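Whatever this is, show me its structure:
(one chain, ligands or ions: 1)
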Amino acid sequence: MIDIRSFSYEELVEFITSNNEPTFRAKQIYSWLHKGISSFDDMKNIPKSLISFLKETCTLSCAECVKRQVSKLDGTRKYLLKFNDGNCVEAVFMKYNHGNTVCISTQVGCRMGCVFCASTKNGLIRNLLPSEMLAELFAIIHDTGEKISNIVLMGTGEPLDNYDNVIKFLRLVNDEEGLNIGMRHISLSTCGLCDKIERLAKENLPVTLSVSLHAPTDSARDLIMPINRAYGVRRLINTCKNYFNATSRRISFEYTMIDGQTDTLQQAKDLAVLLKDFPCHVNLIPLNKISEGVLVPSSNQAITAFKEYLEKKGITVTVRRSLGADIDAACGQLRRNYISK
Ligand code: SAH
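Numbers count the residues shown, from 1 in each chain. Just a heads-up that it's a prediction; the model follows:
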């Protein structure tokens, strides 16, 4: 079966016309697909015979909302979404001043093994298709009735470990005839797969790259992120500098504040040396505790001291504002609770 919503417009034209249908039918079908229809029967201006043909040859990836938590504080909505094969992922809708933002997953599970992260505890189940990443957005657009202006690839999964599907998704979601979301309104977060960052630099896609750094030295990073044994801190920072030089896009470093592991003053000093003269942004994230984790979030005092030290050294730094505090469960917890039931 053909995964029709993953087709680019050109691929769809090729598919439709090679079945002796005119090009304008492809245009109509593409438009329906990117309005987020969940059944071929919803394509109102398409002849019955063509709809039957599509049903016989194609699948339509959809995401069904199986659980939803709505914050009473700020309207943040956290979703558990189920795909056609029964696998689930999480996605989050957030209202910011700069526009509505959706955080989507790129894989079912993850194989990166970061010790503080709930999404990786059961390993990788499978990659998501481009159509399934789109389906996450359509499910949320239908549920909220709102427009989406920003996307962050920060849900479950390592986007660069599902490289081809993620790149295809980015091009589809950016398409003027589709959701038309600007590349500059999309952030891709990675734990630091250097060879893939190098590839991304050549794609001519001006997305914002967020790099999950979390520690300034190999000794500390090795302990919490297994990927560091493949690409150490020095290689990672050099790769980031090359990315910046190639794209002129400022990199954002995510830095989780873990008590005694990543938040010491010595580590603030090491980080300042590491990022000296590199135009970038550091985002400090207070650790979200996960149920079986032994790691402890940093105190507010430690976070403030760390932040002030970096600022004194001229580094742009923010502390992540937590939305949806009343529905908060650390990243990946909603799905894990669901699987374990
Ligand atoms: N695989 C990608 C994107 C998914 S995780 C990456 O590693 O960047 C999105 C962000 O949440 C990452 O910065 C990740 O390190 C962080 N994160 C995961 N678990 C967390 C936790 N328990 N507390 C705080 N941040 C966490």
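
How about the residues of the stretch 101-250 of the chain by the ligand?
112, 114, 116-117, 154, 158, 189-191, 212 (CB under 6 Å from any ligand atom). Every residue, glycine included, has its C-beta placed from N, CA and C.

In terms of distance to residue 45, which of these ranks first?
Nearest to residue 45 among those is residue 154, at 37.5 Å by CB to CB.

can you tell me which residues contact the closest one?
Applying CB atoms under 8 Å, 6 or more residues apart in numbering, we find residue 154 in contact with 103, 187, 189, 210.

With respect to residue 226, which of those is nearest?
residue 189 (17.0 Å).

residues near the closest one, how many?
21 (other CB atoms under 10 Å).

Tally up the residues packed near the residue of the stretch 1-150 of the chain found nearest the ligand, please.
The minimum distance from the stretch 1-150 of the chain to the ligand, using CB to the nearest ligand atom, falls at residue 117 (3.7 Å). For residue 117, the number of neighbouring residues by other CB under 10 Å comes to 22.

Run a quick check on it versus residue 109, I expect a contact.
No - between residue 117 and residue 109 there is no contact under CB atoms under 8 Å: 10.9 Å.

So which of the contacts of residue 154 wins on neighbours?
residue 103 (23 neighbours).

Break down the stretch 101-250 of the chain into its helices, ranges please.
130-144, 163-174, 194-201, 218-224, 233-247 (DSSP state H, counting those that start in this stretch).

from those, which stretch is densest packed?
Among the helices of the stretch 101-250 of the chain, helix 130-144 has the highest mean neighbour count (mean count of other CB atoms under 10 Å), at a mean of 22.

other SSEs contacting that one?
Packing contacts for helix 130-144, counted by 3 or more CB pairs under 8 Å, 6 or more residues apart in numbering; DSSP states H and E, involve strand 64-70, strand 77-82, strand 88-96, strand 99-103, helix 163-174.

model confidence over it, on average?
Mean pLDDT, computed over helix 130-144, is 98.

And stretch 263-275, by the same measure?
On average, the pLDDT along stretch 263-275 is 98.

Next step: the residues of the stretch 101-250 of the chain next to the ligand restricted to strands.
189-190, 212 (DSSP state E).

I'd like those written out as JSON lines, with pLDDT added.
What follows is these, written out as JSON lines (pLDDT from 0 to 100):
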{"residue": "189", "pLDDT": "97"}
{"residue": "190", "pLDDT": "98"}
{"residue": "212", "pLDDT": "98"}
